[in-house]
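>>> This is the structure alone, sequence omitted:
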């Protein structure tokens, strides 16, 4: 008689920071991965809001006082053209919890690529062979990153962006929706690329 193992794999669960439009998309991806939402937190003005049936329980500052080392957190805040609030939130929670990467089951990510902690790869996105994506970065819906490309930390590669091979992107870079980046070009850190741009030389 075969005995069933008593050791069951614990389902991964996440706290989320953020209650804007990007948070809706993050919830969708997290649930699609089979993970659970442990609680959503945001700014004081967000408390009481409901996102896809989940209430915003409190502020990010309240969560920072109660979160534990073994807890998982995702910063569900989009990097806009003008500012990136993720830096402040990350500093608030750094060394207090885990920041696992999240990869949609409806994306295509090469097993020969490397996705760092806290990064999310959204539905329909593609990350090619020998690519590196840094921490706390967003690879948004239907974007495509081709072979041998590196994307830095705290970047936002927006919806339907096409990044060709051998591209190097620095830290804290926003690339607007529909942008095309030519192969073998470089985008230095702290840049904001407007939507539908064509990057054909180093920037």
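Noted; the coordinates are in hand. As the structure is a prediction and not an experimental result, all values here were calculated from the model.

>>> This structure: helices as residue ranges?
Ranges of helices in the chain, per DSSP state H, are 21-32, 60-66, 86-93.

>>> centroid residue for this protein?
By Cα atoms, centre = their mean, the chain has its centre lying nearest to residue 120, at 2.9 Å.

>>> sorry, back to before: nearest to residue 111, of the helices of the chain?
Among these, the nearest to residue 111 by Cβ to Cβ is helix 21-32 (19.4 Å). All C-beta atoms are positioned from the backbone trio N, CA, C, and that covers glycine.

>>> tell me what that closest one is packed against?
Counting contacts by 3 or more Cβ pairs under 8 Å, 6 or more residues apart in numbering; DSSP states H and E, helix 21-32 packs against strand 13-17, strand 36-42, strand 50-51, strand 102-103.

>>> any idea which of the ones you listed is most buried?
strand 13-17 (a mean of 22; mean count of other Cβ atoms under 10 Å).

>>> I'd like to check the angle between that one and strand 36-42, please.
10 degrees (axes from the mean of the first three to the mean of the last three Cα atoms, to 10 degrees).

>>> helices and strands around strand 13-17, which ones?
Short answer (3+ Cβ pairs under 8 Å, 6+ apart): strand 13-17 packs on helix 21-32, strand 36-42, helix 60-66, strand 73-75.

>>> was I right about residue 192 contacting residue 174?
Yes. Between residue 192 and residue 174 there is a contact under Cβ atoms under 8 Å: 4.6 Å.

>>> hang on, the earlier thing: could I get the helices and strands packed on strand 13-17 as CSV with distance to residue 168?
Formatted as CSV, the helices and strands packed on strand 13-17 follow (distance: least, Cβ to Cβ, whole Å):
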stretch, distance to residue 168
helix 21-32, 25
strand 36-42, 34
helix 60-66, 32
strand 73-75, 24
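
>>> Show me the one of these that comes nearest residue 147.
Among those, helix 21-32 sits nearest to residue 147 (Cβ to Cβ), with 24.0 Å.

>>> Quick one: distance of that closest one to the chain centre.
Here helix 21-32 is found 10 Å from its chain centre; the criterion is Cα atoms, centre = their mean, to the nearest Å.

>>> Run through the protein and note the low-pLDDT ranges.
Per-residue confidence for the chain (pLDDT under 70) gives these ranges: 1-10, 81-82.

>>> Show me how the record splits it into domains.
The chain breaks down by automatic domain parsing into domains covering 13-93, 102-203.
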